[in-house]
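[1] attaching a predicted model along with its sequence, questions to come.
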Amino acid sequence: MENSEIIKIVATVMALAVAIIGHEIMHGYMAYRYGDDTAKNAGRLSINPLVHIDPVGTILVPGILFATGAPFLFGWAKPVPIYIREVIRNGGYKGAINVSLAGIYYNFSLAIIASMALKYMDMGTISSYTQYFLVYFVFQTLVYNVVLGFFNLLPIPPLDGSHAVSYFAAWNRWDKVVDFYNAIERYGMVILILVIATPASNYFFAPIRYIINFLAP
C-alpha cells in the first residue's frame, strides 16, 4: 500500500474518532453544566478514546463500511450516561434540549473551524507527507462532523433530534407529539435502517452534500 493511502486511512480514522467521541463528551459536559454529574462520575468526560469505544459503532460498522468501499464512514461512540430528570429539575426542558443537541453543536462548530482552517492552507504546494496528512485530516474533520451533525438532527429515535423534539413538545405540553415519540421509540432503529437503506436516503442526506460543498474551499 502506498504511503499516501496509509495517510488517508489514518487521517480518516482520526477525524471520525474526533467527531464521534467529542460528540458524546459534549452531551455529558452539557448535562454536567445543568447539575448532572453522572457522566463525570463514570469517567466519561475524559478525552481518552478507550473509555468511549463501542465495539459495534466505533469498530465494526466503520470497518465494514471501509471494507465495502462505502462513500463515507459512519459510526458512534458508547453513549454517555445522563440522568435527564436532574437536568430538567435544574434547567427545565430547555436544559434537556441543550443536552440533546450538545453533540450537534460540537459537530457543526468543529466543521466550521475546519472550513476556516482549510481556507488558510496552501493546498497547491503540498511538499511533505506531514503536510498531506494535515490537509487531509482537516478536510475529513469537516466532512465527518457535517455528516454526524446533520444525521443526528433527524427527528428519528434514537437520534438526538428526536429527543430534542420530544422535550420541546413536553415543554409546550403537546402531549400527542410526546405520546407519538414514546410509541415509535421501540421501532426507531427499524425506521432508521429503512431510511438509510432505501432511495429515501437520497432526499434525507442531500443537504449534507450541499453543506460540505458550501464549507469546503
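    Nice, thanks for sending it over. Keep in mind that this is a model prediction, so the values were computed, not measured.
[2] any weak-confidence spans in the protein?
    Scanning the chain for pLDDT under 70 picks out 1-2, 69-73, 123-124.
[3] and the longest helix for it?
    Using DSSP state H to define each element, the chain has its longest helix at helix 84-119.
[4] and the next helix or strand past it?
    Going down the chain from helix 84-119, the next helix or strand is helix 129-153, by DSSP states H and E.
[5] ok, Ala164 - how many residues close by?
    Ala164: 21 surrounding residues under other C-beta atoms under 10 Å. Bear in mind the C-beta positions are built from the backbone N, C-alpha and C, glycine included.
[6] does it lie in a helix or a strand, and which?
    Per DSSP H and E, Ala164 falls inside helix 160-171.
[7] and that helix, what does it pack onto?
    Using 3 or more C-beta pairs under 8 Å, 6 or more residues apart in numbering; DSSP states H and E, the elements in contact with helix 160-171 are helix 84-119, helix 129-153, helix 175-184.
[8] ok, the residue most central in space within the chain - contacts?
    Geometric centre of the chain, nearest residue: Leu148, 3.5 Å, by C-alpha atoms, centre = their mean. Residues in contact with Leu148, defined by C-beta atoms under 8 Å, 6 or more residues apart in numbering, are 19-20, 23, 74, 103, 107.
[9] and the closest residue in space to Leu153 that isn't next to it in sequence, how far is that from Asn202?
    Using C-beta to C-beta, 6 or more residues apart in numbering and skipping residues adjacent in sequence, the residue nearest Leu153 is Gly161, 4.5 Å away. To Asn202, Gly161 is 19 Å away according to C-beta to C-beta, to the nearest Å.
[10] okay, these two: which has more neighbours?
    Remark: of Gly161 and Asn202, Gly161 carries more neighbours, 18 against 9, as counted by other C-beta under 10 Å.
[11] wait, what's in contact with that one?
    The contact partners of Gly161, by C-beta under 8 Å, 6+ apart, come to 100, 104, 152-155.
[12] distance to Val165 for these - can I get that in TSV?
    TSV is the format used below for the contacts of Gly161 (distance: C-beta to C-beta, whole Å):
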residue	distance to Val165
Ser100	9
Ile104	13
Asn152	12
Leu153	10
Leu154	10
Pro155	5
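[13] which one of these sits closest to Ala170?
    Checking the contacts of Gly161 against Ala170 with C-beta to C-beta, the nearest one is Ser100 at 11.8 Å.
[14] now do that closest one: how many residues are near it, please.
    By the criterion of other C-beta under 10 Å, Ser100 has 26 neighbours.
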